[in-house]
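1. sequence below, structure please.
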Amino acid sequence: MFGRLRRDGRQGEPVTFDIGAGLVSARVRDENGKPLAGAEMVLRHKRTPRVTRATADDYGLVVTTASAGVYAVSINAGGYRESTHNIEVVSGDHTALGELALQPDMSLRLPEPGEWVLDQPHTSIRFVARHIGLSRVHGHFTRFRGSINVGERIEDSSVEVVIEAASIDTGSPQRDEHLRSADFLDVENYPRLHFFSNQIQRAAGDRWILDGTLNLRGASRGVRLDAGYLGLREWNGDRLGARATTELHREDFTINWQQTLAKGLAVVGSTVEIKLDVQAIRA
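-> A predicted model of the protein is given here:
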């Protein structure tokens, strides 16, 4: 039995662990000393295939238990160089890696100023919605266009994407027709979705925040994208890669259609997850 770590690094109320297990912890920070939320700690046992993973919380604290033994430990965060360590986990004991400051990966070169056009065959705009609280319905849009205008400073850049609403595809023709109807996207009256952002700021490492406006079904609302920059490649032209996620609430865009099952269970969830995988070619 030993104390449980608190966010201030001191011991909290005691907690027990299985026989043969030990505790491993680290506090991960960026080059400016700020917590690196989402950093991943991976423990690989030296003599077996055993692998243990844990993710840092909002304070940069990452904690996990592992069976006693010798491990190779790596600490990773997007846009930063990997930090590696060798440790021995002792049963009933706490192995603290302490404060770890990750350094930026300078090989992740930023794009040159100018216009970069979305490559549709290698770009996807996907969404996920809950259905009757049991499963997720996955879909995507098949027709869209867009551009990234990179400024002299990345913070001075802009992003614009136009999506053909009728190109929605969930793999079910009947469901897709309903989604195109006035109950949802109302494509006859609102044939396009439009997103524009010129407010871009760096978060940490390869993470960027894009604040923009989405016009959907005639309603314009502010949307924040949590984006990750993947770097540059040369393949049939100069290309950049990025990914981004956000969540939308249907009611914010006056998409209020709903049916309920017994006990008030909603057929369609109100929150929709949006996931983008982007390749853009230098114009």
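2. alpha carbons only for contacts and neighbour counts from here, please
-> Fine.
3. tell me what the closest residue to residue 214 other than its chain neighbours is bridged to.
-> Spatially, and ignoring its direct neighbours in sequence, residue 214 is nearest to residue 195 (4.4 Å; CA to CA, 6 or more residues apart in numbering). Residue 195 has these beta-bridge partners by DSSP bridges: residue 161, residue 214.
4. quick one: contacts for residue 195?
-> Applying CA atoms under 8 Å, 6 or more residues apart in numbering to residue 195 gives the contacts 159-162, 212-215.
5. closest one to residue 168 out of the residues you listed, please.
-> Closest approach to residue 168 among the contacts of residue 195 (CA to CA): residue 162, at 13.2 Å.
6. which of the contacts of residue 195 tops the neighbour count?
-> Most neighbours among the contacts of residue 195, by other CA atoms under 10 Å: residue 214, with 23 neighbours.
7. quick one, helices of the stretch 1-150 of the chain?
-> Per DSSP state H, counting those that start in this stretch, the stretch 1-150 of the chain carries no helices over any range.
8. what's the per-residue pLDDT of the residue nearest to residue 214 here?
-> Here, the pLDDT recorded for residue 195 equals 98.
9. what of residue 17?
-> According to the model, residue 17 carries a pLDDT of 65.
10. what of residue 178?
-> The model's pLDDT for residue 178 equals 92.
11. what's the answer for the one 10 residues further on, then?
-> pLDDT recorded at residue 188 is 97.
12. how close does it get to residue 47?
-> 62 Å (CA to CA, to the nearest Å).
13. just residue 64 next, same as before
-> For residue 64, the distance to residue 47 equals 19 Å [CA to CA].
14. same deal with residue 219?
-> 58 Å.
15. what about these two, which has more around it?
-> residue 219 (14 against 9).
16. mind listing what the nearest residue to residue 61 once chain neighbours are set aside touches?
-> Spatially, and ignoring its direct neighbours in sequence, residue 61 is nearest to residue 27 (4.5 Å; CA to CA, 6+ apart). Applying CA under 8 Å, 6+ apart, we find residue 27 in contact with 35, 56, 59-62, 97-100.
17. put the buried members of those residues into a PyMOL selection.
-> Filtering the contacts of residue 27 down to the buried ones (16 or more other CA atoms under 10 Å) takes a single PyMOL command:
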select buried, resi 35+56+59+60+61+62+100
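18. turn the contacts of residue 27 into a markdown table, columns for distance to residue 272.
-> Conversion of these to a markdown table gives the following (distance: CA to CA, whole Å):
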| residue | distance to residue 272 |
| --- | --- |
| 35 | 29 |
| 56 | 26 |
| 59 | 28 |
| 60 | 28 |
| 61 | 30 |
| 62 | 29 |
| 97 | 39 |
| 98 | 39 |
| 99 | 37 |
| 100 | 36 |
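19. which outside residues touch stretch 106-122?
-> 79, 143-152, 230-232, 240, 278-283.
20. show the end-to-end separation of stretch 178-197, please.
-> First-to-last residue span, stretch 178-197, CA to CA: 30 Å.
21. show me which positions of it end up buried.
-> 179-180, 184-187, 190-197.
22. okay, now the unreliable bits of the stretch 1-150 of the chain?
-> For the stretch 1-150 of the chain, the stretches flagged by pLDDT under 70 are 1-17, 131-133.
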